[in-house]
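Asks: only geometry, no sequence info:
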Ligand SMILES: [Zn+2]
Ligand SMILES: [Zn+2]
């Protein structure tokens, strides 16, 4: 009994449908179908299958390619959507920070702080939460609550050493309390 060059199982004459390559290598029709999705050459001798064989599987191959494209397309769309969401959330955050800065300029410190309180600062490795912590510190400095400013800003620079503005306002807050040595220590770390 002949065996299929793809699955190596027997090909039962008169029962199993099969195809030859030009060199007579036999494969089950169903095995060949899948193989032709990858290559139009015989898996054994690399001889191209004749067009009449390929034509027979044309519709099946087209269908599979369409399916593959559709899957790819929907994956790309999902990816795109995810990117958009990230951008949207960044934009929202920037707008939020902008609105806080406007409140600071208008010296609406308590209102600015109450808006910042809506954001948690539990995960300080997150850049957004570091920025929020910085603003809390800065606003407290500006409204004369130097102790609270130091609390927030010290927590910030402990987490993120490279935060020049954090050290700047920390220095200012120490200075305002007459803690000149500590102020000097903070200023030295601005750069
Ligand atoms: Zn087979
Ligand atoms: Zn062959």
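Replies: Received it, and whenever you're ready, just let me know what you need. On a predicted model such as this, the values are computed, not experimentally measured, just so you know. Ligands and ions are numbered 1, 2, ... in the order given.

Asks: hang on, isn't residue 155 packed against residue 122?
Replies: No - using CB atoms under 8 Å, residue 155 is not in contact with residue 122, being 11.7 Å away. Just so you know, the C-beta spots here come from the backbone N, C-alpha and C atoms, and that holds for glycine as well.

Asks: So the two - more neighbours on which side?
Replies: residue 155 (17 against 7; other CB atoms under 10 Å).

Asks: which residues does the more buried one contact?
Replies: Going by CB atoms under 8 Å, 6 or more residues apart in numbering, residue 155 touches 124, 133.

Asks: Mind pulling the model confidence for it?
Replies: Predicted confidence (pLDDT) for residue 155: 96.

Asks: From here on, call the first residue 275.
Replies: Happy to do that; since the first residue is 275 now, the last one works out to residue 429.

Asks: so it is in which element?
Replies: In this structure, residue 429 sits in helix 420-433 according to DSSP states H and E.

Asks: Tell me the buried residues in that helix?
Replies: 420, 422-431, 433 (16 or more other CB atoms under 10 Å).

Asks: now, among these, which is nearest to residue 305?
Replies: residue 433 (60.1 Å; CB to CB).

Asks: any idea how far the residue lying closest to that closest one once chain neighbours are set aside lies from ligand 1?
Replies: With sequence-adjacent residues excluded and distances taken as CB to CB, 6 or more residues apart in numbering, residue 433 is closest to residue 398, at 4.2 Å. Look at residue 398 and ligand 1: by CB to the ion, to the nearest Å, they are 60 Å apart.

Asks: Please verify my assumption that residue 398 contacts residue 404.
Replies: Yes - Residue 398 lies in contact with residue 404 (CB under 8 Å); the separation is 6.2 Å.

Asks: what is in contact with these two at once?
Replies: Residues touching both residue 398 and residue 404 by CB under 8 Å, 6+ apart: 430, 433-434.

Asks: what separates the residue nearest to residue 433 from residue 420, distance-wise?
Replies: Plainly put, residue 398 is 21 Å away from residue 420 if you go by CB to CB, to the nearest Å.

Asks: If you count surrounding residues, which of residue 398 and residue 404 has more?
Replies: A direct count of neighbours by other CB under 10 Å for residue 398 and residue 404 places residue 404 higher, at 20 against 15.

Asks: Quick check: pLDDT value at the more buried one.
Replies: 93.

Asks: list the contacts for it?
Replies: 398, 430, 433-434, 437.

Asks: list the contacts for residue 422?
Replies: Residue 422 neighbours (CB under 8 Å, 6+ apart): 410-411, 414.

Asks: The nearest residue to residue 293 once chain neighbours are set aside and residue 300, how far apart?
Replies: Excluding the flanking residues, the one nearest residue 293 by CB to CB, 6+ apart is residue 306, at 5.2 Å. Separation of residue 306 from residue 300 (CB to CB): 9 Å.
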